[in-house]
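Novice: Structural data only, the sequence is not supplied:
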């Protein structure tokens, strides 16, 4: 339910006049909530920014999510992040 | 990886039949400053809380819609994760809270000039809310008011 909750909270914050962007781990759910900006990251639930203690991977996903704020595409934006081959362990 | 087919049958069945809600945010807002000058706050639904705050209440029917305010200078490793959902692997966030509340990463991005600054506080909720009425009518508006008060330029949200 986390992906619905994120989408709903995000939508309320956006309605209050602050631009928002989010990570989605379940595209099917986020498509139903259609928040203003989301980056679908094809990683297991519980790992929105990738591997624990992997600063490089985390930063890359984080920056890709933040960059959606600067996009001039019409809202809503749902982009997909290409996850490189990796293992979580 | 995280697709419906990966979830256990119980959750899959629930998600197939659940009526998802949405909230009308139109027309949306646009950034008034570049990212490199913007103040960023994080809202996570990972149910993180400080040891001096009450844990989230797993027993509330429909979900606990309360929030915890997390000051930016909080030591990440001191945070606890109290999410009730068994639908995700808790091990990642337990090892590294940055996965849900990436404060170390945001501080790095601030020092590199990618973002302007990190807000003085962030917010944590427990995402497992099946009855989200009060989440959208009370919790999220309260959090929005705090973020506006802080002059936040953009908000990042993360699920688990």
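Specialist: Structure's in. What do you need? Every value quoted in this text rests on a predicted model; they were computed, and no experiment measured them.

Novice: For the closest residue to residue A:29 other than its chain neighbours, which residues are in contact?
Specialist: Spatial nearest neighbour of residue A:29, chain neighbours left out: residue A:3 (4.2 Å); criterion: Cβ to Cβ, 6 or more residues apart in numbering or on different chains. Yep, even glycine has a C-beta here, placed from its N, CA and C like the rest. Contact partners of residue A:3, counting by Cβ atoms under 8 Å, 6 or more residues apart in numbering or on different chains, are A:24, A:25, A:26, A:29, A:30, A:33, B:127, B:159.

Novice: Not counting sequence-adjacent ones, nearest residue to the third one?
Specialist: Nearest residue to residue A:26, sequence neighbours excluded (Cβ to Cβ, 6+ apart): residue A:3, at 4.6 Å.

Novice: where's that neighbour, which helix or strand?
Specialist: Using DSSP states H and E, residue A:3 sits in helix A:2-15.

Novice: average pLDDT across the helix or strand following that helix?
Specialist: Downstream of helix A:2-15, the next assigned helix or strand under DSSP H and E is strand A:20-24. Strand A:20-24 shows an average pLDDT of 97 in the prediction.

Novice: what's the answer for stretch A:46-64, then?
Specialist: 96.

Novice: Now do the buried residues in that stretch.
Specialist: Neighbour-count burial for stretch A:46-64, counted by 16 or more other Cβ atoms under 10 Å in any protein chain shown, picks out A:46-52, A:54, A:57-62, A:64.

Novice: Now flag whichever of those is closest to residue B:115.
Specialist: Taking Cβ to Cβ as the measure, residue B:115 lies nearest residue A:62 of those, at 9.6 Å.

Novice: Spit out the contact partners of the closest one.
Specialist: A:49, B:102, B:105, B:106, B:109, B:156.

Novice: Keep only those of those that are in helices.
Specialist: B:105, B:106, B:109 (DSSP state H).

Novice: on that earlier part again, mind giving me CSV with the contacts of residue A:62 and columns for distance to residue B:143?
Specialist: Below are those laid out as CSV (distance: Cβ to Cβ, whole Å):
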residue, distance to residue B:143
A:49, 21
B:102, 18
B:105, 21
B:106, 18
B:109, 22
B:156, 13
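
Novice: Put the buried members of the residues you listed into a ChimeraX selection.
Specialist: The ChimeraX selection below is limited to those of the contacts of residue A:62 classed as buried (16+ other Cβ under 10 Å):
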select /A:49 /B:102,105,106,109,156
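
Novice: Next, please give the residue ranges for the strands of chain A.
Specialist: Counting by DSSP state E, chain A has strands at residues A:20-24, A:37-41, A:77-81.

Novice: Go through the ones you listed and pick out the most buried.
Specialist: Ranked by mean neighbour count, those are led by strand A:20-24 with a mean of 28 (mean count of other Cβ atoms under 10 Å in any protein chain shown).

Novice: counting contacts, what elements does it pack onto?
Specialist: helix A:2-15, strand A:37-41, helix A:55-67, strand B:154-158 (3 or more Cβ pairs under 8 Å, 6 or more residues apart in numbering or on different chains; DSSP states H and E).

Novice: Run the angle between the first one and strand A:37-41 for me.
Specialist: With axes from the mean of the first three to the mean of the last three Cα atoms, to 10 degrees applied, the angle from helix A:2-15 to strand A:37-41 works out at 160 degrees.
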